[in-house]
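Asks: Need coordinates for the following:
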Amino acid sequence: MKIILLEDIKKHGKKGDIINVKDGYGSFLIKDKKAVLATSGGLNRLDRENKSREEAEKKLIADCEKTKKMIEKEKLQFKVKVGVQDKVFGSISAKQIADKLSKYNINKKQIKIISPLSSLGFHEVSIELHKKVVAHIKVELVK
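Replies: I've put the predicted structure just below:
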């Protein structure tokens, strides 16, 4: 039996995949509304869903590109306490950077800090807005 998966099924496939299964298992998946028969109507529905998903993805990427341009214009500056020989106490965290960029709805999990921000001067930080869109900003630590 050929079916189209409506959601991810472990060991069988992901949502939208067309797979062959035994009749009994196919009936079970269809009854639980986890799949539909791979008929012309089902294939048309799959095509419509794929097109709408692609359009939404393109719109999301375009929005992320706009946000990236605005973020990259930002220069973040943090005043830190320093000790002997300008050694910084602690370091700047992703949460602190996210707080400064709160108007862009940036989550601290999106911020990728390669090396700890624990010395005075400029540092570059990456912000993953989307898996295809990454912004880079300058962060300055001053006394």
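Asks: was I right about Gln77 contacting Ile137?
Replies: No: counting by C-beta atoms under 8 Å, Gln77 does not reach Ile137; the two are 11.3 Å apart. From N, CA and C alone the C-beta is placed, and that goes for glycine too.
Asks: More neighbours: the two, which one.
Replies: Between Gln77 and Ile137, Ile137 has the larger neighbour count (other C-beta atoms under 10 Å), namely 20 against 12.
Asks: Spit out the contact partners of that one.
Replies: 71-72, 74-76, 124-125, 127 (C-beta atoms under 8 Å, 6 or more residues apart in numbering).
Asks: buried subset of these?
Replies: 71, 76, 125, 127 (16 or more other C-beta atoms under 10 Å).
Asks: where exactly do the strands run in this structure?
Replies: 2-5, 18-20, 35-37, 75-79, 111-112, 121-130, 133-142 (DSSP state E).
Asks: out of the ones you listed, nearest to Lys87?
Replies: Closest approach to Lys87 among those is made by strand 133-142 (11.5 Å; C-beta to C-beta).
Asks: Just give the strands next to the closest one in its sheet, each with its orientation.
Replies: Paired strands of strand 133-142, with direction, are strand 75-79 (parallel), strand 121-130 (antiparallel) (DSSP bridges).
Asks: quick one on the thing from earlier: would you mind giving the contacts of Ile137 as TSV with distance to Lys95 added?
Replies: Formatted as TSV, the contacts of Ile137 follow (distance: C-beta to C-beta, whole Å):
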residue	distance to Lys95
Ile71	17
Glu72	21
Glu74	17
Lys75	19
Leu76	13
Glu124	18
Val125	13
Ile127	13
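Asks: where does the chain dip in pLDDT?
Replies: Regions of the chain meeting the criterion pLDDT under 70 are absent.
Asks: Looks like Pro116 contacts Ser91 (just checking).
Replies: Yes: judged on C-beta under 8 Å, Pro116 makes contact with Ser91 at a distance of 4.6 Å.
Asks: Compare those two (neighbour count), which wins?
Replies: Set Pro116 next to Ser91 and count neighbours by other C-beta under 10 Å: Ser91 wins out with 15 against 12.
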